[in-house]
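A.B. asks: Return a 3D structure for these sequence lines:
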Amino acid sequence: MKGSVSEASSGGDMNVKPAWLERLMAETFFGGCGVHQNQRKNEKNIFCLHCCLSICPHCLPSHRSHPLLQVRRYVYHDVVRLGDLEKLIDCSNIQPYTINGAKVIFLNQRPQSRSCKGTANACCTCDRILQDPFHFCSLSCKVDHMVCEGEGLSSIIESDFTFLQFEGLRVDCYTQFVPTSSCSNTEATSSIANNTTNNNGFFLSLGSRRKGAPHRAPLS
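C.D. replies: Below you'll find the predicted structure:
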């Protein structure tokens, strides 16, 4: 398929964004799947790198042989595990965030109320304050900066990966990272569905969260 991961890894014009990368950063995740609109848990939180589109857990049987990337949410913004993303692209100089014990990268820059230019270390693209020694707050900020500066993306696109490297990538039940009052801005706890089912090697979250059964006070 044009623009797929296999095409990007075999060459081509690497001075422009490969189709899978451009679509990943532009895609809207966590909307309802039109194919499975009558199914529960039909949020599109998986990106198929072969087809360059977002899919829901119910779509997995049609993509069982394709490399997949699971997208999660943290404070209403899309994140991807650093360990998954760095198989595709060099994530150096992008500030990771540790959420629920896992390092994640924001896909796109987040809106901020005002510019933070000054002496503090800031993102080279959007001026968001960063920790040293990072230069970018998201994947899109790094990619856009390199394109703006005329730098070829071939230096950061991983060209030696194969589909076999993604066989171990499983879609689990962790899709939302929910901050709690005891967590800092780089930590959170994940919401986990009670019921989990295994479908063709993928772990799907198809249950709904329920509070514990109410208990009546003993009669006096």
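A.B. asks: For N42, give me its contacts.
C.D. replies: Neighbour list for N42: 32-33, 36, 56-58 [criterion: CB atoms under 8 Å, 6 or more residues apart in numbering]. (Glycine included, C-beta is placed from N, CA and C.)
A.B. asks: Would you mind measuring from it to P61?
C.D. replies: From N42 over to P61 the distance is 14 Å, taken as CB to CB, to the nearest Å.
A.B. asks: just F136 next, same as before
C.D. replies: Note on F136: its distance to P61, by CB to CB, is 36 Å.
A.B. asks: just D90 next, same as before
C.D. replies: Going from D90 to P61 by CB to CB gives 33 Å.
A.B. asks: more neighbours, the two?
C.D. replies: More neighbours surround D90 than the other of D90 and P61, with 14 against 10 (other CB atoms under 10 Å).
A.B. asks: Need the per-residue pLDDT for the residue nearest to that one when sequence neighbours are not counted.
C.D. replies: The shortest distance from D90 to any non-neighbouring residue, by CB to CB, 6 or more residues apart in numbering, is to I156 (3.9 Å). Per-residue confidence (pLDDT) for I156: 92.
A.B. asks: The host helix or strand of I105 pairs with which strands?
C.D. replies: Taking DSSP states H and E as the criterion, I105 maps to strand 102-106. In the sheet containing strand 102-106, its partner strands are strand 77-81 (antiparallel), strand 97-99 (antiparallel), by DSSP bridges.
A.B. asks: what angle do the very next helix or strand once past that strand and strand 77-81 make?
C.D. replies: Remark: after strand 102-106, the chain's next helix or strand is helix 139-148, criterion DSSP H and E. With axes from the mean of the first three to the mean of the last three CA atoms, to 10 degrees as the basis, helix 139-148 and strand 77-81 are set at 90 degrees to each other.
A.B. asks: And helix 139-148, what's buried?
C.D. replies: Residues of helix 139-148 classed as buried: 139-146 (neighbour count, 16 or more other CB atoms under 10 Å).
A.B. asks: Can you lay out those residues as JSON lines showing distance to R72 and pLDDT?
C.D. replies: Formatted as JSON lines, the buried residues of helix 139-148 follow (distance: CB to CB, whole Å; pLDDT from 0 to 100):
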{"residue": "L139", "distance to R72": "14", "pLDDT": "98"}
{"residue": "S140", "distance to R72": "17", "pLDDT": "97"}
{"residue": "C141", "distance to R72": "19", "pLDDT": "97"}
{"residue": "K142", "distance to R72": "19", "pLDDT": "97"}
{"residue": "V143", "distance to R72": "20", "pLDDT": "96"}
{"residue": "D144", "distance to R72": "22", "pLDDT": "95"}
{"residue": "H145", "distance to R72": "24", "pLDDT": "95"}
{"residue": "M146", "distance to R72": "25", "pLDDT": "95"}
